[in-house]
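Novice: next one to model:
(one chain, ligands or ions: 1)
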Amino acid sequence: MERDGVLKFPVVSVNDAQTKHFFDNRYGTGQSTIDGIIRATNVLLAGRTLVVCGYGWCGKGVALRARGLGSRVIVTEVDPIRALEAAMDGFMVMPLSDAAPMGDVFITVTGNSGIIRREHFVRMKDGAMVCNSGHFDVEVDLPALQAEAEGTPAEVRNHVHEYRMKNGRRIYVIGEGRLVNLAAAEGHPPSVMDMSFATQALATEYCIKNRGKLSAAVHAVPREVEDFVARHKLASMGITIDELTVSQKKYMSGWEQGT
Ligand SMILES: NC(=O)c1ccc[n+]([C@@H]2O[C@H](COP(=O)([O-])OP(=O)(O)OC[C@H]3O[C@@H](n4cnc5c(N)ncnc54)[C@H](O)[C@@H]3O)[C@@H](O)[C@H]2O)c1
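Specialist: A predicted model of the protein is given here:
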């Protein structure tokens, strides 16, 4: 909206704050997504192949936690840097069309739409499970799945719909393609949402204190707010850290020494 000149008021981008995406997206989504899948299906993840679509902050968390439970994890990406990161983190990386026949459980976390489509569904194994933990319910193309299925999907367990495919296989959709951690679990634990909510509250205070001074644009969360939230979180966890000495500050901000 800012780019198109239609934003009418200042926005502070809490979603991009480090105190949000480093923790809420990575560790919150990582844990609660797996929690939702397990609560809905009781699947044993050890030895299964999990396909994680998108290796952003949420994808990293989901992939890491799935590996910790003994799954073989395949990552699909469109960004070469993120794909390389996934490969060097030790995950298999390939196009979704190649991963489709290999996966037991598919999880989308891209924030994009139309990720798992008809050409992927028709290649999946009998019994494959599909869910989304990204945005809304548009990452898994359910109308395309329905078009390849016979009859209406049956709810075989709470939050699990069985689609009987024309090719004879069954595909299970968890949480109707909506955010699986909210549909089938309880979302993130409070001990990670505390930082996101604190950042929102302090960003609101920042807007009020700077009323009339901020332009109608998207503004980053001020660094002092991020540091304040992180320091309080550390304190709540009983963790203290070192402080920069005067000479270290001088060394790091100067050019006379070391370079
Ligand atoms: N479930 C939850 O509770 C929860 C919590 C936080 C964020 N989210 C949502 O999860 C989504 C992802 O958040 P994030 O912080 O990881 O974002 P991000 O931007 O860090 O990562 C998204 C990744 O998806 C990749 N991607 C885009 N299109 C793709 C495609 N067609 N195939 C494969 N990869 C593709 C991008 O290259 C990027 O690396 C967002 O929509 C966010 O709102 C959900």
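Novice: where along the chain do the strands fall?
Specialist: 11-12, 49-53, 72-76, 92-93, 105-108, 128-132, 154-157, 160-164, 170-174, 218-219 (DSSP state E).
Novice: ranking those strands by burial, who's on top?
Specialist: Mean neighbour counts were taken over those using mean count of other Cβ atoms under 10 Å, and the top value, a mean of 28, falls to strand 105-108. Yep, even glycine has a C-beta here, placed from its N, CA and C like the rest.
Novice: do you know the pLDDT at Thr259?
Specialist: Reading off the per-residue confidence, Thr259 sits at a pLDDT of 62.
Novice: try Trp255
Specialist: Reading off the per-residue confidence, Trp255 sits at a pLDDT of 87.
Novice: again with Pro101
Specialist: At Pro101, the pLDDT value in this model is 98.
Novice: ok, now how distant is it from the ligand?
Specialist: Counting by Cβ to the nearest ligand atom, to the nearest Å, the gap between Pro101 and the ligand amounts to 17 Å.
Novice: what's the answer for Ala154, then?
Specialist: Going from Ala154 to the ligand by Cβ to the nearest ligand atom gives 26 Å.
Novice: OK, contacts around that residue?
Specialist: Contacts of Ala154 were listed using Cβ atoms under 8 Å, 6 or more residues apart in numbering, and they are 161-162.
Novice: find the least confident helix or strand in this structure, judged by mean pLDDT.
Specialist: Of the helices and strands making up the chain, the lowest-confidence element is helix 246-253, at a mean of 93, by mean pLDDT, DSSP states H and E.
Novice: hey, C-alpha coordinates of that one in CSV?
Specialist: Presented in CSV, the C-alpha positions along helix 246-253 are these (Å, rounded to 0.1, in the frame of the first residue of the first chain):
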residue,chain,number,x,y,z
VAL,A,246,34.0,1.2,26.7
SER,A,247,37.1,0.2,24.7
GLN,A,248,35.1,-2.6,22.9
LYS,A,249,32.4,0.0,21.9
LYS,A,250,35.2,2.2,20.6
TYR,A,251,36.8,-0.7,18.7
MET,A,252,33.6,-1.8,17.1
SER,A,253,32.5,1.7,16.0
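Novice: circling back: a markdown table for the strands of the chain, including mean pLDDT?
Specialist: Formatted as a markdown table, the strands of the chain follow (pLDDT from 0 to 100):
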| stretch | mean pLDDT |
| --- | --- |
| strand 11-12 | 96 |
| strand 49-53 | 98 |
| strand 72-76 | 98 |
| strand 92-93 | 98 |
| strand 105-108 | 98 |
| strand 128-132 | 98 |
| strand 154-157 | 98 |
| strand 160-164 | 98 |
| strand 170-174 | 98 |
| strand 218-219 | 97 |
